[in-house]
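>>> Here is my input, please return the structure:
(one chain, ligands or ions: 3)
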Amino acid sequence: MSTIVIVGTQWGDEGKGKVTDLFSENYDIIARYQGGSNAGHTVVLDNDSFIFRLLPSGVLYEDKVCVIGNGVVLDPEVLFQEIENLQKHGIDVSKRLFVDYKTHIIFPYHKIIDEILEENKNSRKIGTTKSGNGPAYADKFSRTGLRVCDLIHSESLAPKLDFLLEQKRDYLAKIYGIDLTAEQIKDIKDKYIHYGKKLKGFVMDVSLFLDEQIKNKKNIIFEGAQGAMLDVDHGTYPYVTSSNPIAGSVCIGCGVSPMHIDKVVGIAKAYATRVGEGPFPTELKDSLGQKLREQGNEYEYEPETGRPRRCGWFDAVVVKYANRLNGIKEIVLTKLDVLNSFEKIKLCRKYKIGNKIYRNFPADSELINLIEPVYEEVEGWEEDLGNVQHFQDLPDKAKKFIQKIEDAIECEISVISVGPERTQTIFK
Ligand code: GDP
Ligand code: IMO
Ligand code: MG
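Ligands and ions are numbered 1, 2, ... in the order given. Next up is the predicted model:
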């Protein structure tokens, strides 16, 4: 039996979806513990590409059970869209996809508030995904949210919705001057009563289930969303998400004891990206950044509508920080192939701030904007890695780059990903 947590070590989009799908073959249960539909986890299988925002990325294996823990904020519209999309691909999730009773629900007004808060911030925008995540977590902690267990009881739901929607209507009008029409309110009410009925077939006490499965010696993956640098406590606040992506959050977000977590695996890109605003010490704003973006296909979700991701060199200070926060024992290094055509590759081992050298990510956010990355340069391998299957077949220059990263982050790289497909993976 083993339980592992898969976490992002940078600013999200490290390839957690690919790795979770890949590892799922040897696991029985895959659980999401935080975040919501702000996530976008890509799994490429044969000629199909799936982007999971809520569903655990192991869902393509039809013998796996997938659960969404209480720590997630759930947009029912996205959930049912994802389920329908899988149905269109002939993949059935009934009786193997479950959502916790205590999971909080995202409503359309959360998305409206997410958008308005961003608009009102002008130059201090976070660049959120506008999926309503932040406002839904805010309601959770203000104790004004509704949860899955509220939605599934149709008799008591109607008065709860009436009260809540009236309250929110009042709030939006008074604070933001936005008038929700009676028709919009009715529409939300009808939709959520309908979602509640549909959700009935998916509810579960996730904490109890996982405890039983752990006792039955089942193998479980806890799939993190976002990454350490987006953690609301430990990331580059306020340019962060509204939950804790780090591994400790599994215990809260799935109701699992810390005694039951066996291992934490960190996912790191061979370079760095960030989507949205906020500090990014190794960002490349020049043509090299553009080259990384193009080679790495660094566009959020569908390339035609997606936001471009900011790109830069690998930042070992950041990944070392993520290792500390998560207790990472192994790193999966992804997208090494994206560097195939670079003559020179840099990696940042330390920061210079003023005339002081920092080997650890500063906790004082005043310092973060003053960071000057100190780079080490290595020779690029300038050949295609996409078909390499064994570590010994990697060019020496690529091996040297991997070794340099391992030294800098003080952690072993156990798996190297050289393309989006399951098969494009090297187990070291
Ligand atoms: P996640 O949010 O951490 O799951 O990552 P995303 O799915 O948002 O972004 C990772 C992107 O890189 C996706 O388009 C993946 O299909 C792709 N990808 C994952 N691993 C590799 C790799 O090793 N090489 C290349 N070229 N693409 C990869
Ligand atoms: P995955 O799981 C990359 C970023 C947003 C924004 C900030 C806050 O695919 O790695 P939010 O909507 O959460 O309030 O936005 O966090 N962000 C992500 N960036 N990958 C993600 O998820 C992200 N989820 C949120 O771009 O900067
Ligand atoms: Mg993503």
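
>>> for the stretch 1-150 of the chain, what spans make up the helices?
Assigned helices in the stretch 1-150 of the chain, in chain order: 16-24, 76-88, 108-120, 133-142, 148-151 (criterion: DSSP state H, counting those that start in this stretch).

>>> Would you mind finding the most buried of those helices?
helix 16-24 (a mean of 25; mean count of other CB atoms under 10 Å). Heads up, the C-betas are built off the backbone N, CA and C, glycines and all.

>>> helices or strands up against that helix?
strand 3-8, strand 41-45, strand 220-223, strand 263-269, strand 330-334, strand 412-417 (3 or more CB pairs under 8 Å, 6 or more residues apart in numbering; DSSP states H and E).

>>> contacts for the following helix or strand past the longest one?
Going down the chain from strand 263-269, the next helix or strand is strand 272-274, by DSSP states H and E. For strand 272-274, contacts defined as CB atoms under 8 Å, 6 or more residues apart in numbering pick out 10-13, 229, 280, 282-283, 292, 296, 298, 309-315, 318.

>>> Out of these, which are close to ligand 3?
residue 13 (CB under 5 Å from the ion).

>>> how about stretch 103-112 as PDB, C-alpha atoms only?
Extracted in PDB, the C-alpha atoms of stretch 103-112 (Å, rounded to 0.1, in the frame of the first residue of the first chain):
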ATOM      1  CA  THR A 103     -17.300  20.300  -0.700                       C
ATOM      2  CA  HIS A 104     -18.200  24.000  -1.200                       C
ATOM      3  CA  ILE A 105     -20.000  25.100  -4.300                       C
ATOM      4  CA  ILE A 106     -19.200  27.800  -6.700                       C
ATOM      5  CA  PHE A 107     -22.100  30.000  -7.900                       C
ATOM      6  CA  PRO A 108     -22.300  32.400 -10.800                       C
ATOM      7  CA  TYR A 109     -22.100  35.400  -8.400                       C
ATOM      8  CA  HIS A 110     -18.600  34.100  -7.300                       C
ATOM      9  CA  LYS A 111     -17.500  34.500 -10.900                       C
ATOM     10  CA  ILE A 112     -19.000  37.900 -11.100                       C
END
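
>>> Please see if stretch 326-339 touches ligand 3.
No - using CB under 5 Å from the ion, stretch 326-339 never reaches ligand 3; the gap is at least 11.5 Å.

>>> Is there proximity between that stretch and ligand 2?
No - judged by CB under 6 Å from any ligand atom, stretch 326-339 stays clear of ligand 2, getting no closer than 11.7 Å.

>>> Kindly check the end-to-end length of that stretch for me.
End-to-end distance of stretch 326-339 (CA to CA, to the nearest Å): 27 Å.

>>> Adjust the sequence numbering to begin at 44 for everything that follows.
Okay, using 44 as the starting number, the last item reads as stretch 369-382.
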